[in-house]
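Novice: Pasted the sequence and its predicted model underneath.
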Amino acid sequence: MPTNYPTEFKVKAIRRYEKGESIKALSQELHVVQSTLYQWRNTYCSIQAPNRTYTPAEFDMISRWLQRLEHETQIVRFTGFLEKIPLQEKLAALEQIYNQTDGQYSVHELCSALCVARGTFITIFSAVQIRLNMKTNKTSFHLRSNRSLMTANNDLVLKKFAPSLPRTESMSAKIVLSQLCRNRTCTVSG
């Protein structure tokens with residue numbers, strides 16, 4: 001006559017098995033048939049993954065889910081729809097996803113999902129990054145150059161025209177030019 005054991009009892013027996021006790025020893029000590037312990041092991045033995053421990057039921061559910069996703073991916077690939085999308089659109093989508101997800105997906109995953117060679121994506125993405133850096137550096141260079149020119153122009157105006165005007169504490173080129181223009185009836189823009 002089969003005996004119904006409480007779930008807690010089954011789990012405790014399997015935890016002891018996981019810690020190294022043999023099925024035979026557990027069978028003798030707990031007075032449970034070995035085949036029953038093997039069934040419990042298949043049901044309750046945990047599966048260790050890097051991030052978490054799974055029960056066999058959870059692992060089976062994840063395996064079925066993974067199989068379904070693999071089938072969906074195969075169906076999408078069989079249709080050929082991904083190949084019909086222009087490479088530029090794929091690359092734009094990949095770049096957008098790559099920038100928005102903060103490294104959630106690897107380049108390999110992204111390229112594999114949209115059927116783009118990793119080398120192509122990396123080459124294009126690197127070129128875009130280089131262009132952005134050049135643009136930023138160019139803008140920064142122009143700003144620094146303009147500041148240097150403005151400072152040089154200020155110094156030149158002050159040296160050339162300031163001695164002819166009454167001295168004030170903070171003489172800038174704009175003030176000097178304003179005073180000169182008032183005397184000569186011209187306008188200063190800026």
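Specialist: Alright, I've got the coordinates.

Novice: only C-alpha atoms for contact and neighbour calcs from this point on.
Specialist: Noted.

Novice: Confirm that residue 104 sits in a helix.
Specialist: No: assessed with DSSP: H, G, I helix; E, B strand; the rest coil, residue 104 is coil; it does not lie in a helix.

Novice: Can you give me the neighbour number for it?
Specialist: By other CA atoms under 10 Å, the residues close to residue 104 number 11.

Novice: Same check on residue 23?
Specialist: Neighbour count for residue 23, taken as other CA under 10 Å: 21.

Novice: Assess the claim that it and residue 36 are in contact.
Specialist: No: under the contact definition of CA atoms under 8 Å, residue 23 does not touch residue 36, with a separation of 9.9 Å.

Novice: how close does residue 79 sit to residue 73?
Specialist: To residue 73, residue 79 is 10 Å away according to CA to CA, to the nearest Å.

Novice: my bad, should have said residue 59
Specialist: 21 Å.

Novice: likewise residue 18?
Specialist: Counting by CA to CA, the gap from residue 18 to residue 73 is 37 Å.

Novice: now do residue 45
Specialist: Taking CA to CA as the measure, residue 45 falls 31 Å from residue 73.

Novice: And these two? Which one has more around it.
Specialist: residue 45 (20 against 12).

Novice: wait, what's in contact with the more buried one?
Specialist: By CA atoms under 8 Å, 6 or more residues apart in numbering, the contact set of residue 45 is 14, 15, 18, 55, 56.

Novice: Recalculate using a threshold of 7 Å.
Specialist: Counting by CA atoms under 7 Å, 6 or more residues apart in numbering, residue 45 touches 14, 55, 56.

Novice: again with residue 34
Specialist: Residues in contact with residue 34 (CA under 7 Å, 6+ apart) are 23, 24, 27.

Novice: Next: residue 19.
Specialist: Counting by CA under 7 Å, 6+ apart, residue 19 has no contacts.

Novice: can you give me phi and psi for it?
Specialist: Dihedral angles of residue 19 (phi, psi; degrees, to the nearest 10) stand at phi -80, psi 0.

Novice: Any stretches of this structure with poor pLDDT?
Specialist: Scanning the chain for pLDDT under 70 picks out 1-2, 128-190.

Novice: If we use 80, what do you get?
Specialist: Applying pLDDT under 80 to the chain picks out residues 1-3, 46-48, 55-57, 101-103, 121-122, 124-190.
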